[in-house]
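Student: Here is a sequence together with a model predicted from it:
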Amino acid sequence: MAARQTYSRNRQQYSGMYVYGNTVTKPAAEPRRHEKSPERPKKRTSSRQIRKNRRHALHMNSAYVIFLAVAAVMALIVCVNYVQLQSRITSRSKNITAMQEELAELREENNTKYNAVMDSVNLEEIRDKAQNELGMVYASPEQIVEYDNPATDYVKQYEDIPEDGVLAQSDKDSR
């Protein structure tokens with residue numbers, strides 16, 4: 001391994017070292033570093049007006065202290081109200097979720113019971129009982145009266161249906 005160090009004799013500085021090969025060795029002598037002497041901070045002289053302004057800035061007025069106290073109390077009240085509002089929202093949200101689950105259970109139970117009732121009804125048995133035991137018969141074509149209902153599909157019959165088949169006329173039809 002060959003190493004070559006170069007120094008500048010005029011400046012007395014270490015300029016570097018060239019290392020040839022695959023290993024690097026530490027130099028025998030570390031280069032000397034130039035350290036600067038610590039400088040003393042300069043003493044600043046401040047005028048009487050600057051010192052007076054600084055003392056005045058450190059002094060707090062009683063009105064300012066009261067203002068800060070009121071602002072702090074108001075901020076505390078706002079924070080407490082905010083936390084209470086968040087708590088109420090959370091509890092109501094949990095309540096809504098519980099009610100939605102209860103509604104889903106009730107709907108499922110209602111649908112189950114409705115399907116059980118519909119499955120228990122036999123329409124053929126009802127038709128046989130109506131025709132054989134109660135003597136009911138289907139209406140003949142001359143007994144059927146067709147009519148126009150302008151309002152809805154639901155009718156409460158308080159009187160006989162007129163022969164022309166019109167139950168009521170709206171204001172638009174009469175003009």
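Tutor: Done, it's in.

Student: Could you point out which residue ranges in the chain have low pLDDT?
Tutor: 1-21, 24-28, 30-31, 37-45, 149-155, 165-175 (pLDDT under 70).

Student: In it, which helix is the longest?
Tutor: When the chain is parsed with DSSP state H, its longest helix is helix 62-120.

Student: and I161, how many residues sit next to it?
Tutor: For I161, the neighbour count with other Cβ atoms under 10 Å is 13. Where you see a C-beta, it was placed from the backbone N, CA and C, and this is true even at glycine.

Student: Next, it: secondary structure please.
Tutor: coil (DSSP: H, G, I helix; E, B strand; the rest coil).

Student: H34 versus that one, what's the distance?
Tutor: 121 Å (Cβ to Cβ, to the nearest Å).

Student: likewise A72?
Tutor: When A72 is compared with H34 (using Cβ to Cβ), they lie 56 Å apart.

Student: which one of those two has more residues nearby?
Tutor: When A72 and H34 are compared for neighbours, A72 comes out ahead with 10 against 6, by other Cβ under 10 Å.

Student: ok, now which ones touch that one?
Tutor: Residues near A72 by Cβ atoms under 8 Å, 6 or more residues apart in numbering: none.

Student: Distance check, it against E124.
Tutor: In terms of Cβ to Cβ, A72 sits 83 Å off from E124.

Student: cool, A104 as well?
Tutor: A104 is 35 Å from E124, by Cβ to Cβ.

Student: ok, these two, which is more surrounded?
Tutor: Each of A104 and E124 has its neighbours counted (other Cβ under 10 Å); A104 has more, 10 against 7.

Student: Which residues are in contact with that one?
Tutor: By Cβ under 8 Å, 6+ apart, A104 has no neighbours at all.

Student: any idea how far F67 is from N61?
Tutor: Distance of F67 to N61, given as Cβ to Cβ: 9 Å.

Student: And for P162?
Tutor: P162 sits 94 Å away from N61, going by Cβ to Cβ.
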